[in-house]
Structures are given as structure tokens and as C-alpha cells.
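Visitor: Let me see the structure of the following:
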Amino acid sequence: MLRKLAAIILAASLSLPSISAAEAAPRKDFKICWSIYVGWMPWGYLSDSGIMKKWADKYGINVEITRINDYVESINQYTAGGFDGCSMTNMDALSIPAGGGVDTTALIVGDFSNGNDAVILKNKAALKDIAGQKVNLVELSVSHYLLARALETVGLAEKDITVVNTSDADMVAAYGTSDVTSVVTWNPLVSEIAAMPGAHKVFDSTEIPGEIIDMMVVNTATLKDNPALGKALVGAWYETMALMTSGTPEGKAAKDEMAKASGTDLAGFDAQLASTAMFFEPAKAVAFTNGAELPKTMDLVRNFLFSHGILGTNAPSVDVIGMSFPDGSTLGDVNNVKLRFDPAFMAEAARGTL
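Guide: Coordinates of the predicted model:
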């Protein structure tokens, strides 16, 4: 899915001014965007089904939810102030909006990849055999991050391979050619390629659990001035999560609609969900966000970004952008905190107080 196209437009985002979407007085109208990925399909459903309207009405606001087919474009539009919130990964949240000076809060931590991302070799069954190969992937994406983490496990580094930047749209066809022997990609492409002759999945995101995180983020200033937005979004999200796991005909119908919208059938959608660690219950999302592993993960992520120049070519150090966590701890510049993990609204949902 396109969720993992990288922060390749960071230079453009860094040229943007620091944007605060908030007004002094509470607002009534808000815009949220999302893109196609198994863990984000509920956003389209809760909008189309009226669940979002129900929760927005409860708090006296209007929330317009828009699907954008280009993942990076959705993040850029959020960064430019065109939207109040957007679905994105933890890595891209740090590199594009936070890196572009937009103070951003992770409102909903929805899931982490648990097998959706993988390294696949042709006619080789061991990860160490990747040494010396050309590796086709979307450069500077979460696939690139997964590769770097995989190489570490077998004592290799990026200097031991050659990255070939390849569009996700071309990945399956590229694997089918004789000169492509190694790819790193995400579902549903992983499933397609793994079924092709000679394909061996030698590393996947189950081996780095909790590191590739999918979120709904919002502009921090907007959220501070308009808590009703946070309450409505979180309320609508977890009502949809409960519906999906209800085991009812209505829940099955909801997932069927999500499957169709993502270009697959219910069986295909369920297969993708199986390799996605969804936090269907808000308490589990809160526990994950409060966990001691999250700062460690974000330290790994920021070091990857810095080493690849994705925090800006003029970034003096890995600490250039600050991040804050629920326990009050920070990483990076405490005077330049631009990415915040705050489970407060999810905790309200867990308590049933929304």
C-alpha cells in the first residue's frame, strides 16, 4: 500500500513555514485526509457510514474526511495546512511534518506492521545471501528502513548491497524480470511476489515488532484549541473498531465495504489484517503508546533518517527535532519538540468517558 512511500519530498516540506492551523477561538469545521492501507480503511468507512457525522454532531463540529490516492501528497497537504489531520507512519510523521516545522500529535496509534513488510530474495533462502545484490525498493521509505534493520541482524550494512529505487507500482513486474533478484516491499505486493517462482521471504516486520507504526496525526495547536476534534475522531474510530470485531453481520458488512474500497475481497482484506497488529481496543493502544519500547523505536527511526539525510541536509545532528512521550521524556531538542505521542484521548475512549 502507498502508506509507506518515503519522505522523499522533505526538502520541499522544509521550505514551508512553521504552520499553526489553529485559531484563537474554537473552530467548527475540520478536514482530515487518509490514503489506502489496510489499517486506514476504517477512515473511509466511518465517513461513508455516518459514524463520523454522529460523533461530530455530538461535539457540535463538522469533520470532512477525504481520501487522497497519493500517500506522500496527503502528508504534504497536511504539512502545508490544507488538512487538520492525516494518516501516516511514525517515520514519515517525524520526517515530513515534524521535519518541516509543523508541531504534530499522534492522536490515534492504530496498528503496527506485523508481517506486512518483507525482504524477498529470488532463488536464495537466507538473508545473508543478499550481500552483493541489487535490492529493488522504494528508496527512503519504510521498506528502506526495514532493509537496514534486516542487514544489521546478519552483520551486513548498506555498503554491502546496492539500492535500486523502484516504484511500488512497478515492483511486481520488476521481480518478474531476470535481472531483479531481491526486493523489499509491503502488502499486498508481498503476497503477490511471494507466490511467484523462486521467491523466498527471508525477513519481515514480525522480526522488528512495533517499529513500523501506522497513526492518525493532527496539528498540535489545532488539537489544543479544539479538543472536540480529538474526542470526535477517537470516538468514531473506536466505534468502528468495535464494529469490525463484533462478529455480527453488520461487522462483516463493514469489513466487506473496506475490502472493496481497497481493491480486494473480504478474504484478502482479512489476510492483510492478519499481518497487521491492529489495536482494536483503545486500552491496548494506550498501553503501547505508554510503553518503554516506543522511545527506543523512535530513536532507531530518527537515527535512520539522520544517517540518510532525511532530517534535512543542513541538520547539525540527530537531535535537531524534538519528540515527546507520555511519561514526559523527550528525544532531541527540547526547545524544538515537533512530534508528540499523547494517548490522552485514546485513554478517554478506554475509560468510556468520551
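
Visitor: what bridges to the residue positioned nearest the centre of the chain?
Guide: Nearest to the mean C-alpha position of the chain, by C-alpha atoms, centre = their mean, lies Thr89 at 2.1 Å. Legend: beta-bridge partners of Thr89 under DSSP bridges are Asp214.

Visitor: mind checking how far it is from Gly176?
Guide: Here Thr89 is placed at a distance of 28 Å from Gly176 (C-beta to C-beta, to the nearest Å). For glycine as for every other residue, the C-beta is placed from the backbone atoms N, C-alpha and C.

Visitor: what does Ala236 give?
Guide: 41 Å.

Visitor: more crowded one of those two?
Guide: Ala236 (26 against 12; other C-beta atoms under 10 Å).

Visitor: Chain neighbours aside, what residue packs nearest to that one?
Guide: Spatial nearest neighbour of Ala236, excluding adjacent residues (C-beta to C-beta, 6 or more residues apart in numbering): Trp55 at 4.2 Å.

Visitor: show me what contacts that neighbour?
Guide: Applying C-beta atoms under 8 Å, 6 or more residues apart in numbering to Trp55 gives the contacts 63, 231-233, 235-236, 239.

Visitor: got it, and Leu354?
Guide: Counted by C-beta under 8 Å, 6+ apart, Leu354 has contacts 231, 234-235, 345, 348.

Visitor: what does Ser167 give?
Guide: Ser167 makes contacts with Val138, as judged by C-beta under 8 Å, 6+ apart.

Visitor: Phi, psi for it please.
Guide: Main-chain torsions, Ser167, degrees, to the nearest 10: phi -60, psi 140.

Visitor: can you check the one 4 residues further on too?
Guide: Phi and psi for Met171, reported as degrees, to the nearest 10, are phi -70, psi -50.

Visitor: Count residues in the vicinity of it, would you?
Guide: Met171 has 24 nearby residues by other C-beta under 10 Å.

Visitor: roughly how far apart are it and Leu294?
Guide: Met171 is 30 Å from Leu294, by C-beta to C-beta.

Visitor: so where's this protein shaky on pLDDT?
Guide: 1-24, 313 (pLDDT under 70).

Visitor: Show me which strand runs longest in it.
Guide: strand 104-113 (DSSP state E).

Visitor: tell me what whatever helix or strand comes next after that strand is packed against?
Guide: Counting by DSSP states H and E, the next helix or strand C-terminal to strand 104-113 is strand 117-122. The contact analysis (3 or more C-beta pairs under 8 Å, 6 or more residues apart in numbering; DSSP states H and E) places strand 117-122 against helix 142-153, strand 182-186, helix 189-194, strand 199-204.

Visitor: how about those, which one is nearest Asn136?
Guide: Nearest of the helices and strands packed on strand 117-122 to Asn136, taken as C-beta to C-beta: strand 182-186 at 4.7 Å.

Visitor: Name the helix or strand for the residue nearest to Ala236, please.
Guide: Going by DSSP H and E, Trp55 is part of helix 51-58.
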